[in-house]
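A.B. asks: Okay, here's the prediction I keep looking at, along with the sequence it came from:
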Amino acid sequence: MSALAVQSLYKIFGNRADEAVRRLADGAPRAEALAGLPATAAVIDATFEVRPGEIFVVMGLSGSGKSTLIRMLNGLLRPTSGSVRVDGVELTSLKPAALRKLRRDKISMVFQHFALMPHRTVAENAGYALEVAGLPKPERRERAMEALRMVGLTEWADNLPHDLSGGMRQRVGLARALAAGTDILLMDEAFSALDPLIRREIQDQLLELQAELGKTIIFITHDLNEAMRLGDRIAVMRDGRIVQIGTAEEILTDPANGYVAQFVADVDRTRILTASSVMEKPHQVLDVSAGPRVAAKALRDTQTSVVYVTGPGKRFLGTVTEDEVLRALRENRTNLDGHVVTDQVRTVTEDTSVADLFADCAESRHPVAVLDDRGRLAGVIPRITLLSALASATPDEPATVEPSPAAPEPADVEAAAGKEMSA
């Protein structure tokens, strides 16, 4: 079962919302569908699932609908139409008391602007959700201190928020979410108010915590590099719609349309692409039990100077070169054992970034061997293949990454959302 599932989700602010949904469901552009209606469409037909333990990033420019979407995932905003299920429970149909319990038990949120209470200490802020839940003070303190330890703020526990830097305050917000002990974290532009260096530090810390805790995280951002760095999968939004969902590699190498292609055009591909995405199938692989005549034929057939050799369990052993094949023939060997060369080809893992492949390709006499997690040969990377992989794809259609003129201004959506939440 998915941790969170969204099906055909719409959010319309204003009047005649049902008619707006009907028009938008036909697939018309937002401006055209809402012409003549006193309504603003913030989210249109959003459908996706988030797997347990996944960092799912929703990325888009201002006015794309991403912040409205995340507010519907914990019931702060009620959808106009559609379904949100958390651990199989339909959130949109819950009564207020049941919704509050689900939030308390299942979902925590980390806000963009820290949302700390200035008159409470760091530890009291970190344990606030536990206080609301009615836990005794000693237990609150213990869990808050453990969460502060995770984010490196133990020694600041009894300080007030104004004693902390912006990055430290954001870590208190993260500690508060961790102390609550929920499986799902919603993070709405959580790092966007921070300076670039501090932002990267906290991104690193989030990835370290995720490796340790395995939370399910839905992360909202307008920063493409942040999305590519953090997301196991990324949903790209434009004008209220999700236009593509995929891994960073999938979005970079196979953009769904010209808009996405232009959006990712300036990304440093070497930091996103991995060996598995650029490798080729090796022309010839032989078992170490093969004879030198078989190896000689393989070299002739492929017109190469090296054959890749595997052993028991298909584990990669090394290569056999032309010189070694000639030696084996002269010695009348029945197999290649003793003639496998291990120092003329470099090996990397499938998840090695392309940026880290250049030195290996430069220093290896032959195409670099890519090994899977069991040490088996998954593919090879010739130098020319590596260089070709770095060429940027040309967008299939003209695109702009500017918000549509018909898109609602963020302030308009926020104002409408504020009125609804107040109500």
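C.D. replies: Received the coordinates, thanks. Numbering: from 1, shown residues only.
A.B. asks: With just CA atoms, put stretch 47-59 into CSV.
C.D. replies: Extracted as CSV, the C-alpha positions of stretch 47-59 are listed here (Å, rounded to 0.1, in the frame of the first residue of the first chain):
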residue,chain,number,x,y,z
THR,A,47,-2.9,12.1,-9.6
PHE,A,48,0.1,10.4,-8.0
GLU,A,49,1.2,7.9,-5.3
VAL,A,50,4.0,8.3,-2.8
ARG,A,51,5.8,5.2,-1.7
PRO,A,52,6.7,4.5,2.0
GLY,A,53,10.2,5.8,2.7
GLU,A,54,10.3,7.9,-0.5
ILE,A,55,11.3,11.6,-0.9
PHE,A,56,8.7,12.8,-3.4
VAL,A,57,9.4,16.3,-4.6
VAL,A,58,6.8,18.6,-6.2
MET,A,59,8.5,21.3,-8.2
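A.B. asks: Contacts for it next, please.
C.D. replies: 2-9, 66, 69-70, 183, 210, 214-224, 226-227, 230-237, 242, 245 (Cβ atoms under 8 Å, 6 or more residues apart in numbering). Heads up, the C-betas are built off the backbone N, CA and C, glycines and all.
A.B. asks: and with 6 Å instead?
C.D. replies: 2-8, 66, 214, 216-221, 227, 230-236, 245 (Cβ atoms under 6 Å, 6 or more residues apart in numbering).
A.B. asks: And stretch 194-203, by the same measure?
C.D. replies: Gly166, Gly167, Phe191.
A.B. asks: Give the next helix or strand downstream of the helix or strand containing Leu99.
C.D. replies: Secondary structure assignment for Leu99, by DSSP states H and E: helix 96-106. Per DSSP H and E, the first helix or strand lying C-terminal to helix 96-106 is strand 107-110.
A.B. asks: If you count contacts, what does that following strand end up packed against?
C.D. replies: helix 166-179, strand 184-188 (3 or more Cβ pairs under 6 Å, 6 or more residues apart in numbering; DSSP states H and E).
A.B. asks: for the shortest one, packing partners?
C.D. replies: Secondary-structure packing of strand 184-188 (3+ Cβ pairs under 6 Å, 6+ apart): helix 66-73, strand 107-110, strand 216-221.
A.B. asks: okay, that strand in PDB with CA atoms only?
C.D. replies: These are the backbone C-alpha positions of strand 184-188, laid out as PDB (Å, rounded to 0.1, in the frame of the first residue of the first chain):
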ATOM      1  CA  ILE A 184       4.900  11.300   6.800                       C
ATOM      2  CA  LEU A 185       6.600  14.700   6.600                       C
ATOM      3  CA  LEU A 186       5.300  17.600   4.500                       C
ATOM      4  CA  MET A 187       7.900  20.200   3.700                       C
ATOM      5  CA  ASP A 188       6.600  23.400   2.000                       C
END
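A.B. asks: by how many degrees do whichever helix or strand comes after it and strand 184-188 diverge?
C.D. replies: Downstream of strand 184-188, the first helix or strand assigned by DSSP H and E is helix 196-213. Going by axes from the mean of the first three to the mean of the last three Cα atoms, to 10 degrees, helix 196-213 is angled at 170 degrees with respect to strand 184-188.
A.B. asks: What residues sit buried inside helix 196-213?
C.D. replies: Ile198, Arg199, Glu201, Ile202, Gln203, Gln205, Leu206, Leu209, Gln210 (16 or more other Cβ atoms under 10 Å).
A.B. asks: residues touching Gly82, list them.
C.D. replies: Gln7, Ser8, Leu9, Tyr10.
A.B. asks: returning to what we had before: of the contacts of stretch 194-203, just the buried ones, PyMOL syntax please.
C.D. replies: Here is the PyMOL selection string for the buried members of these, based on 16+ other Cβ under 10 Å:
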select buried, resi 167+191
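A.B. asks: Who are the contact partners of Ile217?
C.D. replies: Contacts of Ile217 were listed using Cβ under 6 Å, 6+ apart, and they are Ile55, Leu185.
A.B. asks: for it, which residues make a bridge with it?
C.D. replies: Ile55, Leu185 (DSSP bridges).
A.B. asks: Which pLDDT value belongs to it?
C.D. replies: pLDDT for Ile217: 94.
A.B. asks: same thing with the one 3 residues further on?
C.D. replies: On the pLDDT scale, Ile220 is placed at 93.
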